[in-house]
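Colleague: Give the three-dimensional model of this entry:
(one chain, ligands or ions: 2)
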Amino acid sequence: MKIMVVGGGGREHAIIKKIKENKNVEEIYALPGNGGMAEDATCVNIGAKDIDAIVKFAKENQIDFAVVAPDDPLVLGAVDALSEIGIPCFGPEKKAAIIEGSKVFSKNLMKKYGIPTAKYEVFSDAAEALRYIQTAPIPTVIKADGLALGKGVLICFTKEEAEEAIHSIMDDKIFGESGSNIVIEEFLTGPEVSVLSFTDGKTVVPMISSMDHKRALDGDKGLNTGGMGTIAPNPYYTEDIAKRCMEEIFLPTVNAMNAEGRTFKGCLYFGLMLTPDGPKVIEYNCRFGDPETQVVLPLLESDLLDIMMAVSKGELDKIDVKFSDKSACCVVMASEGYPQKYDSGFEIKVADDIEAQVYIAGAKLSEGKVLTAGGRVLGVTAVADTLENAIIKAYAEVPKVSFANAFYRKDIGQRALEALK
Ligand code: AMP
Ligand code: GLY
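Modeller: Residues are numbered from 1 along each chain as shown. Ligands and ions are numbered 1, 2, ... in the order given. Okay, the predicted model is just below:
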């Protein structure tokens, strides 16, 4: 089989490595992929948002199955366009991807169907939003409606910060048209849990839970990033909570999307907060999380491609999705300075005896060398029998990867370990 994976980061590298385990796979193309994953896939220089070129490539190369991994092409309708020319895909259609593409849509969906989430108001007019904020509870959370590279959420601890946020999103348009509408919502507290799930619109199969570390620096300090590391499973996510989430959140969401005529097929990501009032939805993503995928897929014992094809056919109920009872830890190695200014172009070296998976996110090939080419450069994932051992192992393997300005958090998983004590 010829497989095409749209996207080019660490998440896509993890998906590709897992798909490669299927014996029927002859060739995997990554569009665009990155120079660091060239051993595992044929990288094709087509951007993940260039839907016309993606469709043309798939047709010309007789692709048997496509996986569309990032949010942008999903929201732009890549799956619809590929399906139109008869290529089976893993990923939601445009009308279902809106669950991530519009926060106004997802908040209204949750309100309509009674799915627990933070209380909120929607504004399309900055003056009205500013008036509202005068009497709103502080802290408050202000979110741009549309996609904003994961940066469209501003947590405001004073009224002045909230006013500033409204101005910068709605007047200065720091997130472009994504900020034409905003959601202002209640500030929630509690541990966060990421739950990725497979769903074909009839069956929902949650994957093993995970925990992201979004801040750049140890102790959850510094700027928000795309994610500096992950662990799985998340110890806060107990069996009782999982049961509650299935009944109160997962099934109601899938059913709500069906009722709206927007059946979701693919990976539905639940970003949850375990508040004192129970689990609530912080956000939905219409795709695998990054870097959650880099700890979830190494623990998947079933065949990923078989699951994806079953989802696409609406036959997920016929598949037994099994996860190992081990734990995983992924430490993201970034370029010093990320998420702001950083240098790149430094050679990445990986020792031959490394006992971890290395998922490359930001790299390019140049004269046979793999050079850094991004803020988040790669993730090192170790698997072990316990969470503590997975963390120890990941940090033991990290020094076997080197590049000139490498920077990484030293405390990935520490909060999770405390929860276990
Ligand atoms: P998102 O980009 O939607 O993943 O949001 C980024 C982060 O902002 C989340 O991981 C949470 O830590 C935080 N956040 C979002 N919404 C809220 C909320 N209502 N209350 C508290 N924190 C929030
Ligand atoms: N790690 C969070 C996300 O993928 O959106």
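Colleague: okay, CA-based contacts and neighbour counts for the rest of this
Modeller: Will do.
Colleague: Does the closest residue to Y113 other than its chain neighbours fall in a helix, a strand, or a coil region?
Modeller: Distances taken as C-alpha to C-alpha, 6 or more residues apart in numbering put A256 closest to Y113, at 6.5 Å, once the chain neighbours are dropped. When states are read from DSSP: H, G, I helix; E, B strand; the rest coil, the local structure at A256 comes out as helix.
Colleague: Test my guess that A256 contacts L109.
Modeller: Yes: with the criterion set as C-alpha atoms under 8 Å, A256 and L109 qualify as a contacting pair; they are 7.3 Å apart.
Colleague: Of the two, give the one with the bigger neighbour count.
Modeller: Ranked by neighbour count (other C-alpha atoms under 10 Å), A256 and L109 place A256 first, with 20 against 17.
Colleague: what's the neighbour count on whatever residue of the stretch 201-350 of the chain ends up closest to ligand 2?
Modeller: The nearest approach of the stretch 201-350 of the chain to ligand 2 comes at G289, 3.3 Å away (C-alpha to the nearest ligand atom). Neighbour count for G289, taken as other C-alpha under 10 Å: 26.
Colleague: Could you do E315 as well?
Modeller: E315: 17 surrounding residues under other C-alpha under 10 Å.
Colleague: Give me the phi and psi for it.
Modeller: E315 has phi and psi values of phi -120, psi 40 when expressed as degrees, to the nearest 10.
Colleague: wait, what's in contact with it?
Modeller: D200 (C-alpha atoms under 8 Å, 6 or more residues apart in numbering).
Colleague: What separation do you get for it and L147?
Modeller: 30 Å (C-alpha to C-alpha, to the nearest Å).
Colleague: try I16
Modeller: Relative to L147, I16 is positioned 25 Å away (criterion: C-alpha to C-alpha).
Colleague: How about I15?
Modeller: Taken as C-alpha to C-alpha, the spacing of I15 relative to L147 amounts to 22 Å.
Colleague: Equivalent analysis for G9, please.
Modeller: Distance, G9 to L147, using C-alpha to C-alpha: 17 Å.
Colleague: Compare the two (neighbour count), which wins?
Modeller: Neighbour totals were compared for G9 and L147, and G9 leads with 26 against 21 (other C-alpha under 10 Å).
Colleague: so what's that one scoring on pLDDT?
Modeller: Per-residue pLDDT puts G9 at 97.
Colleague: With E177 instead?
Modeller: Predicted confidence (pLDDT) at E177: the value is 84.
Colleague: Surely it is in a strand?
Modeller: No: E177 sits outside any strand when classified using three-state DSSP, being helix.
Colleague: can you tell me the helix or strand for the spatially closest residue to it that is not a sequence neighbour?
Modeller: Closest residue to E177 apart from its sequence neighbours, by C-alpha to C-alpha, 6+ apart: G146 at 7.6 Å. Under DSSP states H and E, no helix or strand contains G146.
Colleague: In contact with G146, which residues?
Modeller: With contact taken as C-alpha under 8 Å, 6+ apart, G146 is in contact with G101, S102, K103, G152, E177, S178, G179.
Colleague: and of the residues you listed, the nearest to T293?
Modeller: G101 (19.9 Å; C-alpha to C-alpha).
Colleague: Roughly how far does that closest one sit from P70?
Modeller: Separation of G101 from P70 (C-alpha to C-alpha): 12 Å.
Colleague: go on, A118?
Modeller: Taking C-alpha to C-alpha as the measure, A118 falls 26 Å from P70.
Colleague: okay, those two: which has more neighbours?
Modeller: Looking at A118 and P70 with other C-alpha under 10 Å, you find the greater number of neighbours at P70, namely 24 against 18.
Colleague: what's the burial count for E21?
Modeller: Burial of E21, expressed as a neighbour count using other C-alpha under 10 Å, amounts to 12.
Colleague: How about F264?
Modeller: The burial count assigned to F264 is 29, neighbours taken as other C-alpha under 10 Å.
Colleague: Could you verify my assumption that it touches K202?
Modeller: No: the pair F264 / K202 is not scored as a contact, 9.1 Å apart, by C-alpha under 8 Å.
Colleague: what do these two both touch?
Modeller: Taking C-alpha under 8 Å, 6+ apart as the contact criterion, the common neighbours of F264 and K202 are V254.
Colleague: Residue numbers of this structure in contact with ligand 1?
Modeller: Applying the criterion C-alpha under 6 Å from any ligand atom, the portion of the chain that neighbours ligand 1 consists of A118, V141, G150, K151, V153, E185, E186, F187, L188, T189, I282, E283.
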